[in-house]
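Undergrad: can't give you the sequence, but here's the structure:
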């Protein structure tokens with residue numbers, strides 16, 4: 001059997017490319033996911049404005065889709081243009097362009113900036129500003145796909161030039177997109193509606209003293225995780241003006257009770273595309289590639305897959321784009337296959353299936369283990385890496401994958417359930433450990449678990465049952481052929497196979513409980529502006545380890561590093577007290593931001609140091625709750641901790657209104673001064 005090669009279009013280094021207006025995209029089998037919250041609604045406003053019969057003198061609509069590559073900006077732009085059936089493309093020279101211009105029936109033009117990274121002709125240092133100015137001057141509508149790197153370059157070009165009029169308004173838009181302050185021109189200015197601001201959507205208008213020139217919708221395409229349930233949109237049909245009405249971004253901790261429906265943004269892509277891939281092929285119960293498609297077409301397993309990928313996002317501190325998630329999904333179906341290897345993979349699977357039906361037990365076992373290594377839960381973490389098979393013990397018929405590595409796969413490796421299995425209470429680990437041990441007693445743990453857990457039943461296939469039976473036969477105590485070493489290797493292999501399968505079925509990435517706690521902290525920061533008191537105290541213990549009644553800590557000054565006073569180490573130190581600081585928390589998209597504020601009686605709190613609460617800082621803080629534990633994350637966060645301490649010390653030294661207490665140590669002599 002040969003596998004459909006359209007699945008490779010979105011693999012790592014695949015055939016697919018960014019969309020462009022008028023360029024037909026392959027749709028074989030792919031189920032597209034939703035655009036970022038507010039993006040489609042903002043484009044709907046643009047379409048409604050562009051198709052109004054009486055809009056020749058109406059307010060222009062500008063939609064800016066901001067984010068990195070692979071987040072669906074160009075795809076949404078192409079889909080939007082396709083809806084404008086009567087729009088006439090003008091001045092197109094063929095191929096992929098930076099800018100596309102369309103004539104509309106209403107008399108206006110629509111400018112589509114499909115790729116702002118393509119430089120226009122000429123030597124302009126601010127081409128995006130020029131595009132915005134041209135659209136506003138002519139009263140055109142505009143749809144722009146903008147990478148953040150482009151915005152930074154634009155600001156550099158603007159920094160040394162004094163603009164006015166439309167140039168000033170365009171410069172204000174660039175500053176706004178980067179979260180910077182901007183000046184209001186008297187004649188023409190940008191007015192941002194703060195009440196419409198969310199983590200992923202902003203709205204503003206370009207105005208003169210009397211009139212509104214343009215409405216500007218900004219959607220940050222990479223602020224909401226594709227692996228969370230997205231906020232709902234509260235739009236009225238036919239609404240043309242004003243901001244898009246959105247609920248704020250939310251997250252759902254992995255350990256929260258969830259239903260069986262796949263509501264995650266990328267979940268519908270996983271289940272729908274898997275079903276389409278499966279429909280294009282025949283049926284063979286021992287084919288692992290088809291088994292992968294079959295189980296991932298289940299909404300239960302699709303949700304589990306998304307949960308593991310979400311864990312990888314949190315642990316690695318990254319944001320998976322559509323492009324990366326599609327590539328990881330393809331990796332789960334066919335591994336790191338390229339066009340030249342897909343045919344070889346098909347032949348390899350066909351040969352192994354034949355051997356798996358052989359009466360020769362050694363050949364059958366070797367073939368079944370080789371087929372097992374092609375299951376989704378093994379491909380996701382092992383494919384493209386050197387094999388761990390020991391041919392002297394059990395010859396495994398492995399496929400010769402090309403060595404494959406990239407940041408997305410490295411992030412998924414951090415979420416491998418084998419690294420830290422199940423919830424931190426240990427109940428899940430004990431349950432599965434007891435089940436796996438049943439195979440040594442001649443029982444079948446997979447069949448037992450599938451009979452009582454619907455999530456595991458959805459991932460359990462006839463191929464897995466055959467593998468379990470073969471391992472059971474080869475590990476029975478007392479068999480002459482099964483030496484102790486061979487038996488232990490087989491039990492270890494099957495244990496890894498089984499634990500990963502359970503992890504994917506139940507949505508248990510490594511560090512499951514810590515990831516859930518990070519999500520709870522995000523909710524605290526988003527809803528309350530602070531963290532739990534226990535977590536705050538643990539963070540203070542990391543940054544400002546104090547042992548006095550006021551929680552005071554002495555930090556070194558006049559030295560190469562800022563470190564807490566260590567016993568009688570000679571040096572000069574300045575005192576910091578925890579009681580003088582508050583810790584505030586906020587969210588920016590999918591990020592938790594911390595701010596240490598200096599508090600003094602009768603004065604407004606003063607921000608001193610800012611930091612990001614990522615997985616590793618949280619992990620270290622959780623280890624210190626109620627004690628003085630530590631983790632291997634400490635080595636990763638130590639440079640950040642020192643920068644935070646240096647900022648606190650610098651703030652203390654610069655605070656003229658605050659009395660400072662110093663300590664000077666030399667030998668056994670300690671001198672304190674205020």
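TA: Here it is on my side, so go on. As the structure is a computational prediction, the values presented were derived from the model and not from experiment. Residues are numbered from 1 along each chain as shown.

Undergrad: those helices in the stretch 151-300 of the chain, which residues are they?
TA: Applying DSSP state H, counting those that start in this stretch to the stretch 151-300 of the chain gives helices spanning 166-177, 267-279, 288-296, 299-316.

Undergrad: Tell me what angle the shortest one forms with helix 299-316.
TA: Between helix 288-296 and helix 299-316, the angle formed by their directions is 90 degrees, by axes from the mean of the first three to the mean of the last three CA atoms, to 10 degrees.

Undergrad: quick one: contacts of helix 288-296?
TA: 3, 270-271, 274-275, 277-278, 281, 283-285, 301-302, 305, 329, 332-334, 345, 349, 371-372, 374-376, 379, 458-459, 461, 463-464 (CB atoms under 8 Å, 6 or more residues apart in numbering). (C-beta placed from N, C-alpha, C; glycine too.)

Undergrad: Buried ones among these?
TA: Buried residues within these, counting neighbours by 16 or more other CB atoms under 10 Å: 3, 270-271, 274-275, 277-278, 284, 301-302, 305, 329, 332-334, 345, 349, 371-372, 374-376, 379, 458-459, 461, 463-464.

Undergrad: distance between the ends of stretch 66-74?
TA: 11 Å (CA to CA, to the nearest Å).

Undergrad: try stretch 401-414
TA: Taking CA to CA, stretch 401-414 runs 21 Å from one end to the other.

Undergrad: average pLDDT for it?
TA: When pLDDT is averaged over stretch 401-414, the result is 91.

Undergrad: How far does that stretch sit from its chain's centre?
TA: Stretch 401-414 has its C-alpha centroid displaced from the chain centroid by 15 Å (CA atoms, centre = their mean, to the nearest Å).

Undergrad: Please apply the same query to stretch 225-236.
TA: Its chain's average C-alpha position is 16 Å from that of stretch 225-236, according to CA atoms, centre = their mean.

Undergrad: so how far is residue 43 from residue 75?
TA: 11 Å (CB to CB, to the nearest Å).

Undergrad: quick one: common contacting residues for these two?
TA: When contacts are counted by CB under 8 Å, 6+ apart, residue 75 and residue 43 are jointly contacted by residue 35.

Undergrad: Among these two, which residue is more densely surrounded?
TA: Using other CB atoms under 10 Å, the more surrounded residue of residue 75 and residue 43 is residue 43, with 23 against 19.

Undergrad: how about the closest residue to that one other than its chain neighbours, secondary structure?
TA: Nearest residue to residue 43, sequence neighbours excluded (CB to CB, 6 or more residues apart in numbering): residue 80, at 4.6 Å. Secondary structure for residue 80, judged by DSSP: H, G, I helix; E, B strand; the rest coil, is helix.

Undergrad: ok, now how distant is the spatially closest residue to residue 532 that is not a sequence neighbour from residue 592?
TA: Closest residue in space to residue 532, ignoring its immediate chain neighbours: residue 524 at 6.3 Å, by CB to CB, 6+ apart. Distance of residue 524 to residue 592, given as CB to CB: 9 Å.

Undergrad: Those two: who's more crowded?
TA: The neighbour count for residue 524 versus residue 592, taken as other CB under 10 Å, is higher for residue 592 (23 against 18).

Undergrad: and that one, what does it touch?
TA: Residue 592 touches 518, 521, 522, 525, 585, 586, 612, 613, 614, counting by CB under 8 Å, 6+ apart.

Undergrad: from those, which ones fall inside helices?
TA: Among these, DSSP state H puts 518, 521, 522, 525 in helices.

Undergrad: I figured residue 106 was touching residue 60, is that so?
TA: No: Residue 106 sits out of contact with residue 60 when judged by CB atoms under 8 Å, with a separation of 11.6 Å.

Undergrad: per-domain residue ranges of this protein.
TA: Under the assignment the TED database, the domains of the chain span 38-220, 268-512, 529-665.

Undergrad: If we only consider the ones in helices among the contacts of residue 592, which is nearest to residue 33?
TA: residue 522 (21.9 Å; CB to CB).

Undergrad: For the closest one, give me its contacts.
TA: Counting by CB under 8 Å, 6+ apart, residue 522 has contacts 251, 587, 590, 592.

Undergrad: Tell me which of those residues fall in strands.
TA: Secondary structure from DSSP state E places 587, 592 of these in strands.

Undergrad: of all the contacts of residue 522, which comes closest to residue 192?
TA: Nearest to residue 192 out of these is residue 587 (CB to CB; 19.2 Å).

Undergrad: what bridges to the closest one?
TA: Per DSSP bridges, the residues bridged to residue 587 are residue 592.

Undergrad: Determine how far the last residue of stretch 499-517 lies from the first.
TA: End-to-end distance for stretch 499-517, by CA to CA: 22 Å.

Undergrad: can you check stretch 398-416 too?
TA: 21 Å.

Undergrad: In that stretch, which residues are buried?
TA: Buried residues in stretch 398-416, counted by 16+ other CB under 10 Å: 398, 399, 401, 404, 408, 409, 411, 412, 413, 414, 415, 416.

Undergrad: need the contact list for the residue nearest to residue 43.
TA: Residues near residue 80 by CB under 8 Å, 6+ apart: 43, 46, 47, 143.

Undergrad: please redo it, this time with the cut-off set to 10 Å
TA: Going by CB atoms under 10 Å, 6 or more residues apart in numbering, residue 80 touches 21, 35, 39-40, 42-44, 46-47, 50, 63, 65, 87, 110, 112, 143.

Undergrad: Tell me the secondary structure at the closest residue to residue 565 other than its chain neighbours.
TA: Excluding its sequence neighbours, the residue lying closest to residue 565 (CB to CB, 6+ apart) is residue 554, at 3.9 Å. Residue 554 falls in the strand class when you classify it by three-state DSSP.

Undergrad: and the gap between residue 554 and residue 574?
TA: Distance, residue 554 to residue 574, using CB to CB: 7 Å.

Undergrad: again with residue 421
TA: Relative to residue 574, residue 421 is positioned 46 Å away (CB to CB).

Undergrad: Let's have the ones in helices among the contacts of residue 592 in CSV, adding distance to residue 443 and pLDDT.
TA: Formatted as CSV, these follow (distance: CB to CB, whole Å; pLDDT from 0 to 100):
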residue, distance to residue 443, pLDDT
518, 38, 97
521, 42, 96
522, 42, 96
525, 47, 95
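
Undergrad: Scan those and report the most crowded one.
TA: Counting neighbours by other CB under 10 Å, residue 518 leads those with 24 neighbours.

Undergrad: Quick one: residues contacting that residue.
TA: By CB under 10 Å, 6+ apart, the contact set of residue 518 is 251, 253-254, 311, 314-315, 511, 592, 613-615, 617-619, 622.

Undergrad: Check the spacing between it and residue 524 real quick.
TA: From residue 518 to residue 524 the distance is 11 Å (CB to CB).

Undergrad: The longest helix seen in the chain vs helix 288-296, what angle?
TA: Longest helix of the chain, by residue count under DSSP H: helix 484-506. Interaxial angle, helix 484-506 versus helix 288-296 (the same axes, to 10 degrees): 40 degrees.

Undergrad: Count the residues that sit near the closest residue to residue 208 other than its chain neighbours.
TA: Nearest non-adjacent residue to residue 208, counting by CB to CB, 6+ apart: residue 188, 5.6 Å away. Per other CB under 10 Å, the neighbour tally for residue 188 reads 21.

Undergrad: doesn't residue 206 make contact with residue 188?
TA: Yes: Residue 188 is within contact range of residue 206, at 6.6 Å (criterion: CB atoms under 10 Å).

Undergrad: Confirm for me that residue 141 is in contact with residue 103.
TA: No: contact status for residue 141 versus residue 103: not in contact, 11.5 Å apart, counting by CB under 10 Å.

Undergrad: Show me where the stretch 1-150 of the chain dips below the pLDDT cut-off.
TA: The model of the stretch 1-150 of the chain has pLDDT under 70 over residues 15-20, 22-27, 54-57, 92-95, 123.

Undergrad: same thing with the stretch 451-600 of the chain?
TA: 477-482, 547-551, 566-568.

Undergrad: higher neighbour count, residue 106 and residue 60?
TA: residue 60 (24 against 18).

Undergrad: Thanks a lot, catch you later.
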